[in-house]
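Chemist: Only the shape, not the letters, is given here:
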Ligand SMILES: [Zn+2]
């Protein structure tokens, strides 16, 4: 009796505590039932604040950053009261299991589950689901929280979500219209998917070029959860997709990671089967490219997964799909709530094994390459170190010696002499598997049909000569050098070398300060040093009207850590003197950038981000819809991003461009923008036809093999070696080879009259990634970057897009060179 009374008392008191906490349902709090409106981001934040304030012993809300548009980024930690009291201990203990914090972990088995919602802003049902999920966990599913810490990020892309939600709220009819053709089901350019700079945040985890990703990685790496879910939506005719994922899987994914995905999928299937909801698994969404919300967590030891509900930016509050069913926002958020809860359930049930297997993942002793040794320009090394810091990956400096192994420049066994300036990144560290994924020359592909690019090898992306060694190379703590500059009031001028983006940032700043800068088109030797093409020369005589010229220059150079070389006389020992026609003034270029309909929002966004956040040089965005009435004479350079310009750069559009180019304007066309010029009268650019004679075997392709047959024509992001004309101003700062990331199979002939600045030779050399056999053949002698002169102006053709996702660091200087050095006419505005 006594014991029964005790049990009853405990039950009653816990009920009274729950009632006393007064946590409102999302509907009660928002004033409308969940799924009948799209909630604005601040309302979602307010709901999470409400829950945290009502249940402070079980919910902790943490602000971890702000978006570019100043919306706050939050995560909520949810668990039992006891776990919440020990939250910091649980976190540290988990990092001990990973080997990141020293010391022996205790054996307690708390599962850590991280749920990330709404990375794509217009896949908007999941943020609504996040509110229902936290409410249900705290009211009905307390049992699971006894051994589980749930971390909820209700919206990892608030700017994109609000772009979508605000647009929908202002567009939709009341009641909502289920007709697919209604405006509310057809978003205008650029849509709500991406963030402020129109980056796809689900391609940005590894590069963290965006503030949302960089802020998130800081707290993500403090936790390293055991399970991570990235909630998405697909087209409204699709059902639901959940784990297990499709092939290819990256080879470092463990058997346990594969198996547990299946267990999770089967747990979801129980609920979906019971409700008669359709789903699919093991198709479309693979685990290879490391920059996704499923792969990145996977390579950091979690079970990383993508869940996809049908709906997406065309779903609205309800839409009649092709199957004749009305799919509502209520349906969509209900499904996402079920999979979120089911994920917590199965993780709670398997907490012990999740912990054991998580610990095992961090054993990196079986990796083939033990160290990657990287050599190159200091700035490139520094920029790579900044990337490694974002992931809290350790590195050090080599010493004088020699390292043998796989040499990246020749893609063959070789060796390299090392110095203390070279960087060593080894795999004998907790994040060794991520090191392998990012640095290995070529990821092993279990299947060529993949959702994304198949090559991203960091040494190629950063332009560093690298050797991958099967033995561990010792390293000492890495130090960053600071240069010191002293002014010399007697100097004729100062020279700085030109080979990195830091040099470009320095130049951009000087131009903004109206300091006149020259660059040399030929190498020159003076005062005992040789300076290569592109070196910047800042002459006192050009800048007589600048007060404190030397102080200003020294201060600016110090800001960018540039070495100023004071030169006594403009009379060079060899090469051009300072007054030579080969040493030209850099024009303060006025740049226009096409945006809007017809442009690729991703490429436009990447360019916008590059100028605003990296180079810090102004550009004027021009909407394609206004191109007709724009006065182009106000600009020196027009950048035409990747896009489909059939309707814009038609005959009339091209007629507007041509006279402006002829009198000295410069067009920089990227990716598919080249189609506007290719095979057109008056332009030298020609598509590489080079088509095979009819291949009779084509007729023999089985229907089931059609996708694989098509793959022969594809390049799904692969790295090719290119030959560089380093005497051309667009290539200043580059050596005679450059590794280019090709994102597609488009191929153009070499220019017959014009400059072929980077090109693929007779035998295309692919060093990484998938390229179909037919696609490779078509790349023989094809153009990568070229310049065609037209009257006094130029068209720069960039077949490969060097700002793609902002991670191909070594390609960005080509773009800067094209703007400031190529055909540097003094064009009077
Ligand atoms: Zn998505």
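Modeler: Arrived safely, thanks for sending. Here the structure is a predicted model, which is why all the values come from computation and not from measurement.
Chemist: For the rest of this, base every contact and every neighbour count on C-alpha atoms.
Modeler: OK.
Chemist: quick one, what contacts residue 256?
Modeler: residue 357 (CA atoms under 8 Å, 6 or more residues apart in numbering).
Chemist: Same check on residue 365?
Modeler: residue 428.
Chemist: In a strand, it, correct?
Modeler: No: using DSSP: H, G, I helix; E, B strand; the rest coil, the assignment for residue 365 is coil, not a strand.
Chemist: burial count for the nearest residue to residue 489 once chain neighbours are set aside?
Modeler: Excluding the flanking residues, the one nearest residue 489 by CA to CA, 6 or more residues apart in numbering is residue 550, at 6.7 Å. Using other CA atoms under 10 Å, residue 550 has 19 neighbouring residues.
Chemist: Let's verify residue 550: helix, strand, or coil?
Modeler: helix.
Chemist: hang on, isn't it packed against residue 490?
Modeler: No: assessed by CA atoms under 8 Å, residue 550 is found out of contact with residue 490, at 9.9 Å.
Chemist: Common neighbours of those two, please.
Modeler: Counting by CA under 8 Å, 6+ apart, nothing touches both residue 550 and residue 490.
Chemist: rewinding a little: do you know how far the residue nearest to residue 489 is from residue 531?
Modeler: Noted for residue 550: a distance of 21 Å to residue 531, by CA to CA, to the nearest Å.
Chemist: Surely residue 150 is in a strand?
Modeler: Yes: checked against three-state DSSP, residue 150 lies within a strand.
Chemist: Show the model's pLDDT score for it.
Modeler: The per-residue pLDDT reported for residue 150 equals 98.
Chemist: okay, now it: neighbour count?
Modeler: Counted with other CA under 10 Å, residue 150 comes out at 24.
Chemist: now residue 802, nearest residue through space, not along the chain?
Modeler: residue 811 (4.9 Å).
Chemist: list the contacts for that neighbour?
Modeler: Contacts for residue 811 (CA under 8 Å, 6+ apart) come out as 461, 740, 802, 803.
Chemist: Quick one: classify it as helix, strand or coil.
Modeler: helix.
Chemist: again, but for residue 621
Modeler: Going by three-state DSSP: residue 621 is strand.
Chemist: ok, and the closest non-adjacent residue to it?
Modeler: Nearest one to residue 621, counting by CA to CA, 6+ apart, is residue 593 at 4.8 Å.
Chemist: Likewise for residue 311?
Modeler: Nearest residue to residue 311, sequence neighbours excluded (CA to CA, 6+ apart): residue 236, at 4.0 Å.
Chemist: The one you found - how many residues pack around it?
Modeler: Neighbourhood size, residue 236 [other CA under 10 Å]: 25.
Chemist: Next: the one 4 residues further on.
Modeler: Residues near residue 240, counting by other CA under 10 Å, number 23.
Chemist: 40 is where my numbering starts, stick with that
Modeler: Taking 40 as the first residue, the last one we looked at is residue 279.
Chemist: What pLDDT is listed against it?
Modeler: 97.
Chemist: can you check residue 48 too?
Modeler: 43.
Chemist: Let me know the secondary structure of residue 145.
Modeler: From three-state DSSP, the assignment for residue 145 is coil.
Chemist: mind checking pLDDT for the residue nearest to it when sequence neighbours are not counted?
Modeler: Leaving out its chain neighbours, the residue that sits closest to residue 145 by CA to CA, 6+ apart is residue 132, at 6.7 Å. Residue 132 carries a pLDDT value of 98.
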